[in-house]
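Asker: Predicted model and sequence below, questions to follow.
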Amino acid sequence: MHQIIAMSYPFQIKSFDQYLAAYKKSVEDPEGFWSEIAADFFWRKKWDKVLEWNFKEPKIEWFKGAKLNITENCLDRHLEKNANTPAIIWESNDPEEHHRVLTYRELYNKVCQFAHVLKNNGVVKGDRVCIYMGMIPELAIAVLACARAGAIHSVVFGGFSAQSIADRLQDAKAEYIITCDGAFRGNKEIQLKNVIDDALVQCPFVKKVIVVTRTRTPVSMIKGRDVWWEDEIKKVETQGSNDFKAEEMDAEDMLFILYTSGSTGKPKGVVHTCGGYMIYTAYTFVNVFQYQPGDIHFCTADIGWITGHSYILYGPLSAGATTLMFEGIPTWPDAGRFWNIVDKYKVSILYTAPTAIRSLMGFGLDVVKDHDLRSLKVLGTVGEPINEEAWNWYHENIGKGQCPVVDTWWQTETAGVLISNLAGVTPAKPTYATLPMPGIQPVLVDENGKTVPGTDAARDGVYTSESISSPAGGSLEGAGNLCIKFPWPGMLRTTYGDHERCRLNYFSTYENLYFTGDGCLRDKNGNYRITGRVDDVLNVSGHRIGTAEVENAINMHAGVVESAVVGYPHDIKGQGIYAFVIYPSLHNEPSLSRQDITLTVSRIIGPIAKPDKIQFVSGLPKTRSGKIMRRILRKIAEGETDNLGDVTTLLDPSVVEEIKNGKI
Ligand code: PRX
């Protein structure tokens, strides 16, 4: 066994008192607080100014003028002492296929090689590169190689359709793509390159497509545009170019774009920059999970989502950790897959989503009981509120009552965890994300933007222990819309190509506040509990889906007149998608089938947005001014048909009866 030389984390919080002290300092002197943390990273040049900001424009700049390359922090600086430490352990979709381990040295070499491939194919600093791949080590290598070459990566989850990819390519004006022939997911094979080919019909500006071999599914390779990853690597090997000098980036240069759904329009490209993102993901990784050298960190997310970016790749690697990357799904070949992996690699930290926990609960304890699971030290959840039953099941049956469960609340826009307990350091409270990270200043406001008394962490304290005297207001309970008062290094800087959209979405609802879109409660000890979205965004299996986006997709079908989409409680997914669809009433029978609708949504967005329930209706409840009354539809979808509130102001109240009677 290779001896691991401890990377030290001077900023790792070890006790509740240290947490309180860090929080206090972060509020009183944010610049001093973050610059001390930043001093522990490798910068080619130090910053001119720690922070410049206003939420009006918004303008957020951290460590401006500093020069760095994030991959020098994720790779190079570990080579001297920990070159042979595993950086990435990869577990195949097929449990019989041999796993792969890339040490820091090997990962460094592969990233350098592929950075040369990018350069040989014309990629230069600032170019946007779209990555559409399955969960294989080459995905991690591609992401890091982009960062090393100064290109801006835009990873698109493998479950999105050709149309979604085309939209993202056009929005980012991405001229380069990295993909696979196909991807394995459970017993399915997904033909990724084919999907890319379909997308590219609409994107003639794409210059190069680099294709990795994974499934050996037949693909068409277009001369002059498409090249094989393996051939390009061979060329680099014959050139004998091993190292790749990392491109020098400003702390505020873009690192990546990641598209996410909002309540209106098409998905927006959330932009994160090099310096602040690095500091924030590393800081939260080390503190929330209490990572210790030698631990194996297993985050089950896909790198196509922010969780994978921050807690499979950048956070762990910048901390010199060992991160486990899993190609498959939790229920294939059986529902014991996660537990097999935990035992096989002696996983210390397991980070997954409530939807996965709920689905695994459904398979009973038979698939759990034969597993040792004693290597586990910390359990984490992310993506959606976790119900108490799932929390307890996870804690008792997986953690054997011994592992702290961290309920981490955050968003694509925040880069890393904003509210969570710190494993074993600050107390957990089931269904509560609990306390803000140092540097994070949450506050709850009412619809008018007025602070709900006692809910402002920076002013009212974060104390959870009655023995610590809490300032005035700190003992109140409150509920409201969750906002953040002060910038932190990982917050989004803009939405790609449309800064005004960023301002409107996040900074215009309440003056001088970043609005998260979530509703929240605070208990008298300062713990925050996220109650769910307050806008028209659904959270389906931990994935954000805008209702307007699904409606637009449904309305693309020639047979649809209009549709309205709402969420309803779903035992496993958290929320399900309920679509009310109006068809032309020429005949009594709907002229289209539910399958027509799901197929259309799959084509336009991807299978992840397929409605769970579709009800054909002849009309929708609308106000006299033509606005759809979603409140009523939501209640009907939730099964609450008796108490629909006042319907007399509707244009045609009779439609409500019809919808109620036809409920699925
Ligand atoms: O509603 C919150 C929910 O997921 C949203 C963010 O989604 P996304 O940007 O896709 O990022 C997911 C992974 C970070 C939030 O606005 N959410 C996330 N984590 C939690 C949560 N809701 C409750 N508890 C959580 N721990």
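Answerer: Arrived safely.

Asker: Burial check on residue 583, number of neighbours?
Answerer: Neighbours of residue 583 under the rule other C-beta atoms under 10 Å: 20. All C-beta spots, glycine's among them, are computed from the backbone N, C-alpha and C.

Asker: is it true that residue 520 lies in a strand?
Answerer: Yes: the assignment for residue 520 (DSSP: H, G, I helix; E, B strand; the rest coil) places it in a strand.

Asker: For the residue nearest to it when sequence neighbours are not counted, list each beta-bridge partner.
Answerer: Sequence neighbours aside, residue 482 is the residue nearest to residue 520 in space, at 3.9 Å (criterion: C-beta to C-beta, 6 or more residues apart in numbering). Here residue 482 sits in beta bridges with residue 444, going by DSSP bridges.

Asker: Compute the number of surrounding residues for residue 482.
Answerer: 27.

Asker: so it makes contact with residue 521?
Answerer: No: Residue 482 is beyond contact range of residue 521, at 9.6 Å (criterion: C-beta atoms under 8 Å).

Asker: Determine the residues that are contacts of both of these two.
Answerer: 444, 528 (C-beta atoms under 8 Å, 6 or more residues apart in numbering).

Asker: next one: the strand or helix carrying residue 307 to chain centre, how far?
Answerer: Here residue 307 sits within helix 306-308, counting by DSSP states H and E. The chain centroid and the centroid of helix 306-308 are separated by 4 Å under C-alpha atoms, centre = their mean, to the nearest Å.

Asker: got a list of contacts for it?
Answerer: So helix 306-308 is in contact with 258, 260, 299, 301-302, 351, 382-383, 410-412, 415, going by C-beta under 8 Å, 6+ apart.

Asker: quick one: average confidence on that helix?
Answerer: Across helix 306-308, pLDDT averages out at 98.

Asker: The helix or strand that comes right after that helix and the ligand, are they touching?
Answerer: Once helix 306-308 ends, the next helix or strand along the chain (criterion: DSSP H and E) is helix 315-318. No: figure legend: helix 315-318 not in contact with the ligand (C-beta under 6 Å from any ligand atom); closest approach 12.3 Å.

Asker: for the ligand, what are the nearby residues on this protein?
Answerer: Within the chain, the positions adjacent to the ligand are 260, 306-307, 382-385, 407-412, 433, 516-518, 530, 533, 539, 544 by C-beta under 6 Å from any ligand atom.

Asker: host element of residue 197?
Answerer: helix 192-200.

Asker: what helices or strands is that helix leaning on?
Answerer: Identification of packing neighbours for helix 192-200 by 3 or more C-beta pairs under 8 Å, 6 or more residues apart in numbering; DSSP states H and E yields strand 128-132, helix 162-172, strand 176-180, strand 208-212.

Asker: what does that helix contact?
Answerer: Against helix 192-200 from outside (C-beta under 8 Å, 6+ apart): 132-134, 158, 161-163, 165-166, 169, 177, 179-183, 206, 209, 211, 217, 219-220, 222.

Asker: for it, which positions count as buried?
Answerer: For helix 192-200, the neighbour count (16 or more other C-beta atoms under 10 Å) marks 192-200 as buried.

Asker: Check stretch 293-301 too.
Answerer: 293, 295-301.

Asker: any idea how far that stretch is from the chain center?
Answerer: Worked out by C-alpha atoms, centre = their mean, stretch 293-301 lies 17 Å from the chain centre.

Asker: Any idea how many residues pack against residue 570?
Answerer: 17.

Asker: quick one: it from residue 341, how far?
Answerer: Computed as C-beta to C-beta, to the nearest Å, the residue 570 to residue 341 distance reads 26 Å.

Asker: just residue 564 next, same as before
Answerer: 41 Å.

Asker: How about residue 408?
Answerer: Distance from residue 408 to residue 341, by C-beta to C-beta: 21 Å.

Asker: wouldn't residue 439 be in contact with residue 32 here?
Answerer: No: using C-beta under 8 Å, residue 439 makes no contact with residue 32, being 11.5 Å away.

Asker: Show me which of those two is the more surrounded one.
Answerer: Of the pair residue 439 and residue 32, residue 439 is the one with more neighbours under other C-beta under 10 Å, namely 24 against 11.

Asker: all helices for the stretch 1-150 of the chain, in order.
Answerer: Assigned by DSSP state H, counting those that start in this stretch, the stretch 1-150 of the chain shows helices spanning 16-28, 30-38, 70-71, 77-82, 104-120, 137-149.

Asker: Including mean pLDDT, could these go into CSV?
Answerer: Formatted as CSV, those follow (pLDDT from 0 to 100):
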stretch, mean pLDDT
helix 16-28, 94
helix 30-38, 98
helix 70-71, 98
helix 77-82, 95
helix 104-120, 98
helix 137-149, 99
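
Asker: Please identify the most buried of those.
Answerer: helix 70-71 (a mean of 29; mean count of other C-beta atoms under 10 Å).

Asker: In terms of secondary structure, what does that one contact?
Answerer: helix 137-149, helix 274-288.

Asker: tell me the contacts of the residue in the stretch 51-200 of the chain positioned nearest to the ligand?
Answerer: Of all residues in the stretch 51-200 of the chain, residue 157 sits closest to the ligand, with a separation of 10.5 Å (C-beta to the nearest ligand atom). Contacts for residue 157 (C-beta under 8 Å, 6+ apart) come out as 302, 304-305, 606, 608.

Asker: for the stretch 451-600 of the chain, what spans make up the helices?
Answerer: Going by DSSP H, counting those that start in this stretch, the stretch 451-600 of the chain shows helices at 457-460, 499-502, 547-555, 594-604.

Asker: Least confident of those, on average?
Answerer: helix 457-460 (a mean of 88).

Asker: Tell me the gap between it and the middle of its chain.
Answerer: 27 Å.

Asker: list the helices and strands it packs on?
Answerer: When contacts are defined as 3+ C-beta pairs under 8 Å, 6+ apart, helix 457-460 sits against strand 442-445.

Asker: what comes into contact with the strand it packs on?
Answerer: 418-419, 436, 451-452, 455-458, 478-485, 510, 513, 520-522, 528.

Asker: Give me the buried stretch members for that strand, please.
Answerer: Going by 16+ other C-beta under 10 Å, strand 442-445 has these buried residues: 442-445.

Asker: Which of those residues sits closest to residue 501?
Answerer: residue 445 (21.9 Å; C-beta to C-beta).

Asker: Look up how far residue 507 lies from the closest one.
Answerer: 13 Å.

Asker: Mutual contacts of these two, please.
Answerer: Counting by C-beta under 8 Å, 6+ apart, the shared contacts of residue 445 and residue 507 are residue 513.

Asker: Flag the shaky bits of the stretch 251-400 of the chain, pLDDT-wise.
Answerer: Within the stretch 251-400 of the chain, not a single segment meets pLDDT under 70.

Asker: Which residue ranges of it form strands?
Answerer: Under the criterion DSSP state E, counting those that start in this stretch, strands of the stretch 251-400 of the chain are mapped to 254-260, 268-273, 296-299, 322-326, 349-352, 378-382.

Asker: before we move on, back to that, from the buried residues of stretch 293-301, which single one is nearest residue 43?
Answerer: residue 293 (22.9 Å).

Asker: follow-up on the earlier one: now a PyMOL select for only the buried ones of the contacts of helix 192-200.
Answerer: In PyMOL, this line selects whichever of these come out buried by 16+ other C-beta under 10 Å:
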select buried, resi 132+133+134+158+161+162+163+165+166+169+177+179+180+181+182+183+206+209+211+217+219
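
Asker: Could you find the closest non-adjacent residue to residue 187?
Answerer: Closest residue in space to residue 187, ignoring its immediate chain neighbours: residue 332 at 6.2 Å, by C-beta to C-beta, 6+ apart.

Asker: ok, the one you found - contacts?
Answerer: Contacts for residue 332 (C-beta under 8 Å, 6+ apart) come out as 93, 186-187.
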